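> Sequence first, predicted model second:
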Amino acid sequence: MPISIFSRGEIMDFPVIKGAAYVLAHTPHFIVENGTTQTVERAKNNESEYLNQIHNHLRSFKEVVEYPPNQVFVGNSRPSDLENREKPWFDHEDDEASRFGKYGEIIPENEFYGLLKIVDSFDLVMLENNFTKLVKRSISDHPVLGERDLQKMGDGYPLESIEKAVRQDEAEELCFEGQLVGCILRAHQFDINLSAHVMTENLAAKASSFLAVEHVLRQTKTKADEIDYIIEASEEACGDMNQRGGGNFAKAIGESAGCVNATGADTRAFCAGPAHAIIQASALVSAGIFDNILVVGGGAVAKLGMNGKKHVAKKLPLLEDVIGSFAMLISSNDGIHPVIRTDAIGRHKIGSGSSPQQVMTALVTDPLDKAGYLIKDIDKFSAEMQNPEITEPAGAGNVPKSNYKMIGALAVKRGELSKGDLDMFVSEHGLPGFAPTQGHIPSGVPFVGFAKDMILQDQIKRAMIIGKGSLFLARMTNQFDGISFIMEKNAGLVEKSKGLDEEQIRETVGKILRATAARLLEGDDD
């Protein structure tokens, strides 16, 4: 076996982020029928005032596309653009909005149903014949979906067969504009983990991830067969009654995308999952195990309309009407794209403590101290990028701004910032929230695409991406969770140290043995 000896002072060859894609799927039907706030309300009181009013608060696809935060999410404008927009944003639409953006797209509900069928490996999705034809026509000129995907949709089913499945087999309805157009079948008669409801959640996560993967492959001009490994980091779990959550979204998504040379696995950590997955991918690339790794996360149907009751009570539109997803390509250093500083990872340790100050110390100042940076050396922080227009009416406040204030307060405490400059720090180093409240989707990663481009364009030098999670929700621990990493400008390729040849190894080992023998003869026991 060859042996390589490296000097302790060698510069690390960091992995890079080559691309990041983001997708939103407008799914008003899933809000009403599958979002947990609505399903729980229906179980308690099917005739509640909230359920009676909910349809009056749903937005059209046009309104969803023109919503300024959604345009930021897919890359048609930057987060800073929101600061100059009149509020409320939902009353001041973006007149220049486009469905497709630099980083991805906003897909309408009818096409998303088609996407569910495209990724359906067990014929669980039934779409009506004429509806199938219309969807095929709608996506026939799609920029990342092709003929192979259209063929997977098949020819559809008679409406009578769909109605029978819903009536007799507990299938989940798929409605579009008030009409039944399809259904999703259960995958097992008795296994609750394979019920139609759960299969709907899992297929939606798979479909939204698949579309984001197609966008990031196109964006980075990477062929699907060049992908070595996939890590899926959503908040869903696939499996059966014997291994709930033990399944593998990653390989399922890779199969749909044609990543024939890849394997993969899922990682779970509530909202912090994507940041954990990016660090895992970075470690695998740094170790030389894989060259190209996709980190993906699909949307959470359960969180649609999560704050809907508060929004309806305040006569607001249901802003939680989109499923979010992302895909990122982590690769070996190309000397160009921004690197991930694997030598300065922030982590909320089991013994870190759970106060906001303790959490931010572990995630922000500890890794910065290790890297030799001040807090102000990070040009932009990205943490919990929830859209405040969703969270403030629900009583949760402006989550990103609260994080930036805490980071700024740490800078004041450390003597790196004067107290009078705190507001300026929040403005200059923070970001307005623009992501949907899909748990893992807003947790740091929505800014990765922007950070990559801004670093490449020399507009910023570095950014810190912070993933935070609430592990206590599973009732297994009272712990919070968090992990962070730094993206910064690429300093260029690092020449790797060469291993010694066999003759050099023999000489080195011989020198060590002779020196050890000499010390022993002299009576040196150290």
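Looks like it came in fine. Residues are numbered from 1 along each chain as shown.
> Phi, psi for Y22 please.
phi -140, psi 140 (degrees, to the nearest 10).
> do the same with T132
Main-chain torsions, T132, degrees, to the nearest 10: phi -60, psi -40.
> same deal with K206?
Torsion angles at K206 (phi, psi; degrees, to the nearest 10) stand at phi -70, psi -50.
> nearest residue to it other than its sequence neighbours?
Leaving out its chain neighbours, the residue that sits closest to K206 by C-beta to C-beta, 6 or more residues apart in numbering is V119, at 5.0 Å. Glycine gets a C-beta too; all of them are placed from N, C-alpha and C.
> Relative to H26, how far out is that neighbour?
Distance from V119 to H26, counting by C-beta to C-beta, to the nearest Å: 18 Å.
> F190 now?
34 Å.
> Grab the CA positions of stretch 319-326 and hand them over as PDB.
Provided in PDB are the C-alpha atoms of stretch 319-326 (Å, rounded to 0.1, in the frame of the first residue of the first chain):
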ATOM      1  CA  LEU A 319     -48.700  33.200   1.700                       C
ATOM      2  CA  GLU A 320     -47.600  29.700   2.600                       C
ATOM      3  CA  ASP A 321     -48.800  28.300  -0.700                       C
ATOM      4  CA  VAL A 322     -45.600  27.100  -2.300                       C
ATOM      5  CA  ILE A 323     -43.500  24.000  -1.800                       C
ATOM      6  CA  GLY A 324     -39.800  24.900  -1.800                       C
ATOM      7  CA  SER A 325     -36.800  22.800  -3.000                       C
ATOM      8  CA  PHE A 326     -33.200  23.200  -3.700                       C
END
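> Name the spans of the protein whose pLDDT lies under the cut-off.
Within the chain, the ranges that satisfy pLDDT under 70 run 1-12, 494-505, 507-512, 515-526.
> can you give me the strands in it?
Per DSSP state E, the chain carries strands over the ranges 16-26, 104-107, 125-127, 172-176, 179-184, 229-232, 263-266, 292-297, 322-331, 339-340, 346-347, 380-383, 462-469, 481-488.
> Make JSON lines out of those strands and add mean neighbour count.
Listed next are these as JSON lines, based on neighbours: other C-beta atoms under 10 Å:
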{"stretch": "strand 16-26", "mean neighbour count": "27"}
{"stretch": "strand 104-107", "mean neighbour count": "26"}
{"stretch": "strand 125-127", "mean neighbour count": "26"}
{"stretch": "strand 172-176", "mean neighbour count": "21"}
{"stretch": "strand 179-184", "mean neighbour count": "22"}
{"stretch": "strand 229-232", "mean neighbour count": "28"}
{"stretch": "strand 263-266", "mean neighbour count": "19"}
{"stretch": "strand 292-297", "mean neighbour count": "29"}
{"stretch": "strand 322-331", "mean neighbour count": "28"}
{"stretch": "strand 339-340", "mean neighbour count": "24"}
{"stretch": "strand 346-347", "mean neighbour count": "22"}
{"stretch": "strand 380-383", "mean neighbour count": "27"}
{"stretch": "strand 462-469", "mean neighbour count": "26"}
{"stretch": "strand 481-488", "mean neighbour count": "25"}
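> Of all those, which one comes closest to D95?
Nearest to D95 among the strands of the chain is strand 104-107 (15.8 Å), distances taken as C-beta to C-beta.
> Residues contacting that closest one, please?
The contact list for strand 104-107 (C-beta atoms under 8 Å, 6 or more residues apart in numbering) reads 21-26, 61, 64-65, 70, 74-75, 99, 115, 211-212, 215, 322.
> Try it again at 6 Å.
Strand 104-107 has contacts (C-beta atoms under 6 Å, 6 or more residues apart in numbering) with 21-25, 65, 70, 74, 99, 215.
> what do you get for stretch 287-296?
209, 213, 226-232, 253, 277-278, 281, 284, 327-328, 330-332.
> what about 7 Å?
209, 212-213, 222, 226-233, 253, 274, 277-278, 281, 284-285, 326-332 (C-beta atoms under 7 Å, 6 or more residues apart in numbering).
> Check the separation of the first and last residues in it.
One end of stretch 287-296 sits 21 Å from the other (C-alpha to C-alpha, to the nearest Å).
> Also stretch 112-124?
15 Å.
> in that stretch, what's buried?
112-120, 124 (16 or more other C-beta atoms under 10 Å).
> Mind listing residues that contact that stretch?
By C-beta under 7 Å, 6+ apart, the surrounding residues in contact with stretch 112-124 are 25, 27, 125, 127, 135, 139, 149, 152-153, 174, 176, 181-182, 184-185, 187, 199, 203-204, 206-207, 210-211, 256.
> ok, 6 Å please
Against stretch 112-124 from outside (C-beta under 6 Å, 6+ apart): 25, 125, 127, 135, 149, 152-153, 174, 184-185, 199, 203, 206-207, 210, 256.
> try stretch 57-64
With contact meaning C-beta under 6 Å, 6+ apart, stretch 57-64 is reached by 26, 28, 108, 312, 317-318, 321.
> Mind checking which of those residues are in helices?
Members of the contacts of stretch 57-64 lying in helices (criterion: DSSP state H): 28, 312.
> Reformat the contacts of stretch 57-64 as TSV; add distance to E170.
Below are these laid out as TSV (distance: C-beta to C-beta, whole Å):
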residue	distance to E170
H26	26
P28	22
P108	27
V312	29
P317	32
L318	26
D321	26
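> And the contacts of stretch 57-64, which is closest to E389?
The shortest gap between E389 and any of the contacts of stretch 57-64 belongs to P317, at 9.9 Å (C-beta to C-beta).
> Could you list which residues are in contact with that closest one?
Taking C-beta under 6 Å, 6+ apart, we find P317 in contact with 57, 59, 90.
> so how many other residues sit close to the first one?
The one in question is H57. Applying other C-beta atoms under 10 Å, we find 19 residues neighbouring H57.
> which non-adjacent residue is nearest it?
Once flanking residues are discounted, H57 sits nearest to L318: 4.7 Å by C-beta to C-beta, 6+ apart.
> G308 is in contact with the one you found, correct?
Yes - the pair L318 / G308 is scored as a contact, 5.3 Å apart, by C-beta atoms under 6 Å.
> Tell me the one among the contacts of P317 nearest to D366.
D366 has its nearest neighbour among the contacts of P317 in F90, at 38.9 Å by C-beta to C-beta.
> Contact partners for that closest one?
P317.
> what's the answer for the one 3 residues further on, then?
E93 is in contact with E66, counting by C-beta under 6 Å, 6+ apart.
> distance of it from H197?
34 Å.
> quick one: T27 and G305, what's the gap?
10 Å.
> Compare these two (neighbour count), which wins?
Using other C-beta under 10 Å as the criterion, T27 and G305 rank with G305 on top: 28 against 25.
> you'd agree that one is up against T39?
No - contact between G305 and T39 fails when scored by C-beta under 6 Å: they sit 9.8 Å apart.
> can you put the strands of the chain in TSV and add distance to G439?
Putting the strands of the chain into TSV (distance: least, C-beta to C-beta, whole Å) gives the following:
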stretch	distance to G439
strand 16-26	15
strand 104-107	19
strand 125-127	24
strand 172-176	22
strand 179-184	22
strand 229-232	14
strand 263-266	15
strand 292-297	9
strand 322-331	9
strand 339-340	23
strand 346-347	20
strand 380-383	14
strand 462-469	9
strand 481-488	12
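> Alright, calling it a day.
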